[in-house]
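> give me coordinates for this.
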Amino acid sequence: MMGYNNYSISRVLYGSLTKHSRTPKQNNATKVLLSLKRQISSQSFYEKYFGSLNKLERIRDLFDKDVKLENVAKDLLPYSEDRYRGIHVVIDREKKCNPKYHNHMLKILDDSIAEWKLKGKTAVWIHVPIEKSAIIPSILYHGFKFHHAEDEYSSLSLWLHQDVETRIPIAASHQVGVGGCCIDDSGRMLVIQEKRRPVKVWKIPGGFSYLGENFDNTAKREVYEETGIETEYQSIIGFRQKHNFPGAFGKSDLYVICRLTPITFKIRPCPREVQECKWIDIEELSNRDDLTPLTAGVVKVALHGWKNGFKEIDIVTSLVKETDDLLYHRFVNNL
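Coordinates of the predicted model:
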């Protein structure tokens, strides 16, 4: 191949080159390639004449370096693109991780970043499965930073425009918990004492919300897991936000209080978490000093609703039209 002139290469690339063959003295490979790029765009063409895309790379140096081949002729990292023009690369957990792979990864990453910058992409996210953690130093070498991590992978990010302040969002700033304020028809509230607390105080049952779990389902699940009581969701009656929450790794905590009504009444406390569980009258609870600060606030709100009607305190839920989104708001007629 190296012994061929540019005209011969063009004939290999495009058969008879009918219109190019009229001027065989014109051997400017750049013009030939640009013409071919306008006429040929499918991957099948390259594979037909070269067997694989990698073979096409061998002749790239024969052409003017300013000519940019189509993506199909480049050895770039496979990626997807989000609506903010961000690039997402998921490292294949099946490929063997060795020094040769590291070197190959560095070269491809260099080419890929350069290409994405030229195309005006905003940022690159590389998601690394835990099995491929050994390549992370190679990724950091290119200026990537850790963004977040889960059980099975870590994600690193790179903002591509040094002249513009980064718009990469920070990792999740809050953890979300939900508490169940369960009140029966006689005005009793379901409260528990936890085993883990050194001082025994009463609180409403609750816990962390799972990914993809709505507030109402979290409240019902947590109450059932901790007390054995099955409940029906009614409304939200408040939120608590707390920063630098203990055990949240420097993040903030958002705690949603749901009002529930019981379907069953037989208490079966969780033996691992709950020391004691009771139904206690709201009036009595409002006069006790052995409640957690949050529960004391919830009791005051619940007592007002019990005496004056829960419409006074309820935040209800409606479905946003043409979406699956839930809107939480005070009651509005004909919404």
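> what's in contact with the host helix or strand of Ser318?
In this assignment (DSSP states H and E), Ser318 forms part of strand 316-319. Residues from elsewhere that reach strand 316-319, judged by Cβ atoms under 8 Å, 6 or more residues apart in numbering: 216, 235-236, 325-331, 335. Placement of C-beta: from N, CA and C, glycine included.
> what mean pLDDT does that strand have?
Over the span of strand 316-319, the pLDDT mean works out to 90.
> ok so, going back, of the contacts of strand 316-319, which one scores lowest on pLDDT?
Least confident by pLDDT among the contacts of strand 316-319: that is Leu335, with 56.
> is it possible to mark the buried ones in the contacts of strand 316-319?
With neighbours counted using 16 or more other Cβ atoms under 10 Å, these contain these buried positions: 216, 235-236.
> make TSV from those and add secondary structure and distance to Tyr79 to it.
TSV is the format used below for these (DSSP: H, G, I helix; E, B strand; the rest coil; distance: Cβ to Cβ, whole Å):
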residue	secondary structure	distance to Tyr79
Asp216	helix	38
Ser235	strand	44
Ile236	strand	40
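> could I get those residues in a markdown table, plus columns for distance to Pro293?
Converted to a markdown table, the buried ones among the contacts of strand 316-319 look like this (distance: Cβ to Cβ, whole Å):
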| residue | distance to Pro293 |
| --- | --- |
| Asp216 | 25 |
| Ser235 | 22 |
| Ile236 | 19 |
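> so which of the contacts of strand 316-319 belong to helices?
If you go by DSSP state H, the contacts of strand 316-319 have Asp216 in helices.
> what's the closest of the contacts of strand 316-319 to Ser80?
If you rank the contacts of strand 316-319 by distance to Ser80 using Cβ to Cβ, Asp325 comes first, at 24.1 Å.
> ok, now how distant is that closest one from Ser318?
Taking Cβ to Cβ, to the nearest Å as the criterion, Asp325 is separated from Ser318 by 10 Å.
> where along the stretch 201-335 of the chain do the helices fall?
Secondary structure of the stretch 201-335 of the chain, counting by DSSP state H, counting those that start in this stretch: helices at 215-227, 282-286, 293-308.
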